[in-house]
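> Fold the following and give me the result.
(2 chains)
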Amino acid sequence: MIHGMVIAHKKAADAMLYALEGIFGSFENLRGLTNEGCSTKELADKIRETYLFDLETEVCIFVDVYGGSCWRAAKLAKLTRCHILSGFNLPMLLSFLNKRAAIPFDELPSVLEIDGKRGIIAE
Amino acid sequence: MSIILSRIDDRLIHGQVTEGWGKFMKPDIILVVSDAVASCEWESEICLSALPLTIKGMVVRVNDAPQVINKLIAENTNSYVLFETPRDAYEVIKNGAKISIINVGGMHSVKGKREILDYLFVDETDSVYLKALRDEGIKLDFRDLPDHESADVLEKL
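Numbering: from 1, shown residues only, chains lettered A, B, ... in the order given. I've put the predicted structure just below:
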């Protein structure tokens, strides 16, 4: 199974996963991390340590903003099989849960990007 | 103007620096002072990727920083200077960088450190160098964002 990790400032990651569970129901292998209480390098270590059991695990890391400290930590973690998606929203994460079993890992990010953007509608 | 922000922040370039401070002050260049980042081309690229397109970036080693900073001052280039640690800031100032005020904006690591503010965790080394900066006549501004109050915490170090 493709794993997922949501990394964001303050409590945003946990809040998003809490909301996600309220909509989707229970899910596995998608967890949250905060950058609170650690330097960027320490956060990178935490990310890497999560997958020490199998560094070949395919992981989509969702960060809140491109170029921020969460994004930089995801880069510094240097996971072997990893795609980073910046600017996550609920539609993107719902799409991840729904489609990760059906779409090959290297094709998934572009699908999730489209679904995330499709979820942004101004009226 | 020249050095419009000189800041200690272990996250270096991130949202608070470019957005939070950026809405008040517009640098032409952000100078990152870090031996670790400067010694790895890939890390330097990642660090500078976070910059908006309108701002130039440069990563330098601690030893090279005083000369680069003083050149930016001489050229009157609006600059931010970012340090990872109080020790790096102290070394750069001791070696001649003409900086008179340092914003202590983010020391986020909690491992083995004690909390002074929710964005400021220090250990003995950090305390020593922050006090040493004060003793060099540097004004320390403890504040994460420009529209927050500067905290009076020197005595707690």
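> What about whichever residue of chain B sits closest to chain A, how many residues nearby?
With CB to the nearest CB, the shortest gap between chain B and chain A falls at B:A50, namely 3.3 Å. (C-beta placed from N, C-alpha, C; glycine too.) Using other CB atoms under 10 Å in any protein chain shown as the criterion, B:A50 is surrounded by 23 other residues.
> Quick check, it in contact with B:H14.
Yes. With contact defined as CB atoms under 8 Å, B:A50 reaches B:H14; the gap is 6.5 Å.
> joint contacts of these two?
With CB atoms under 8 Å, 6 or more residues apart in numbering or on different chains applied, the overlap between the contact sets of B:A50 and B:H14 consists of A:G67, A:G68, A:R72.
> Of those residues, which are in range of chain B?
By CB under 8 Å from any CB of the partner chain, the members of the shared contacts of B:A50 and B:H14 lying near chain B are A:G67, A:G68, A:R72.
> okay if I get these as CSV plus neighbour count, pLDDT and secondary structure?
Below are these laid out as CSV (neighbours: other CB atoms under 10 Å in any protein chain shown; pLDDT from 0 to 100; DSSP: H, G, I helix; E, B strand; the rest coil):
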residue, neighbour count, pLDDT, secondary structure
A:G67, 20, 90, coil
A:G68, 25, 91, coil
A:R72, 25, 95, helix
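> contacting residues for A:V63?
In this structure, A:V63 makes contact with A:V6, A:I7, A:A8, A:C70, A:W71, A:A74, A:I84, A:L85, A:S86, A:G87, A:F88, judged by CB under 8 Å, 6+ apart.
> oh sorry, the question was meant for A:L43
Residues touching A:L43, when contacts are defined by CB under 8 Å, 6+ apart, comprise A:I7, A:L33, A:N35, A:S69, A:C70, A:A73.
> what's the answer for A:E36, then?
Contacts of A:E36 (CB under 8 Å, 6+ apart): A:H9, A:K10, B:H108.
> And the last one, how far from A:D54?
Put plainly, it is B:H108. When distances are taken as CB to CB, to the nearest Å, B:H108 and A:D54 turn out to be 29 Å apart.
> list the contacts for the residue of chain A at minimum distance from chain B?
With CB to the nearest CB as the measure, A:G67 is the residue of chain A nearest to chain B, at 3.3 Å. With contact taken as CB under 8 Å, 6+ apart, A:G67 is in contact with A:S86, B:I13, B:H14, B:S49, B:A50, B:L51.
> of those, the lowest pLDDT goes to which?
Model confidence across these bottoms out at B:A50, which has 82.
> Which helix or strand in chain A has the lowest average pLDDT?
Ranking every helix and strand in chain A by mean pLDDT, DSSP states H and E puts helix A:40-50 at the bottom, with a mean of 93.
> ok, and for that helix, which residues are buried?
Residues A:T40, A:K41, A:E42, A:L43, A:A44, A:K46, A:I47, A:T50 are the ones in helix A:40-50 that count as buried (16 or more other CB atoms under 10 Å in any protein chain shown).
> pLDDT wise, what is the nearest residue to the third one once chain neighbours are set aside at?
Setting aside the residues directly before and after it, A:E42 is nearest to B:S109 in space (CB to CB, 6 or more residues apart in numbering or on different chains), at 5.7 Å. Reported pLDDT at B:S109 in the predicted model: 84.
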